[in-house]
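Trainee: Pasting the sequence and the predicted model now:
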Amino acid sequence: MKVTDLDEVLAIEHLSFPTPWSRAAYHRELVTNGYATYVVGRLDGRVVSYGGMWVILDEAHITNIAVHPDWRHAGLGRLTMAVLEAKAVELGAVRITLEVRVSNITARRLYDGLGYRGTGVRRNYYSDTREDAIVMWKDLVPPVGTAGEGVEPDGDGGQ
């Protein structure tokens, strides 16, 4: 995401959230927040999805993700999340977290399908409605010592 994308990003933001982020908030994220990474998805040159995260040490935190209403249920949310997760790994993250409104069933299904697991609840998290948020986490890479990183499976079946 670039500052020049903000008009399109903010249009999607206002269509997607009851308390949208401001232009100034996005500008700060893009220009001054060294922990922040933001991406956009384009179709025919137009921004149709975006997402952002902070990566601090070995953890990533999804700050937001949205898809233009005309393009929802077309796999763009899943694709945007995949790009964010890949970038998080590139930046050294081994785990990723996010918060989601209890009432946002569509997003919860997406995150469940991507392997995120609810680990807790933040009571009254959303200031507009005092709605709770479900905290979700996902491991991005296998822990050291498991098959897939640092350990080769036994090729002789244990014989």
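Mentor: Done, it's in. Numbering: from 1, shown residues only.
Trainee: For the rest of this, base every contact and every neighbour count on C-alpha atoms.
Mentor: OK.
Trainee: what are the ranges of the helices in this protein?
Mentor: Per DSSP state H, the chain carries helices over the ranges 6-16, 23-31, 76-90, 105-113.
Trainee: Out of these, flag the one nearest G45.
Mentor: For G45, the closest of the helices of the chain is helix 6-16, at 11.0 Å, according to C-alpha to C-alpha.
Trainee: Name the nearest residue to D5, sequence neighbours excluded.
Mentor: Spatially, and ignoring its direct neighbours in sequence, D5 is nearest to V47 (7.5 Å; C-alpha to C-alpha, 6 or more residues apart in numbering).
Trainee: likewise V135?
Mentor: Sequence neighbours aside, E99 is the residue nearest to V135 in space, at 4.7 Å (criterion: C-alpha to C-alpha, 6+ apart).
Trainee: can you tell which of the helices of the chain is closest to T119?
Mentor: Closest to T119 of the helices of the chain is helix 105-113 (C-alpha to C-alpha; 12.1 Å).
Trainee: counting contacts, what elements does that closest one pack onto?
Mentor: Counting contacts by 3 or more C-alpha pairs under 8 Å, 6 or more residues apart in numbering; DSSP states H and E, helix 105-113 packs against no other helix or strand.
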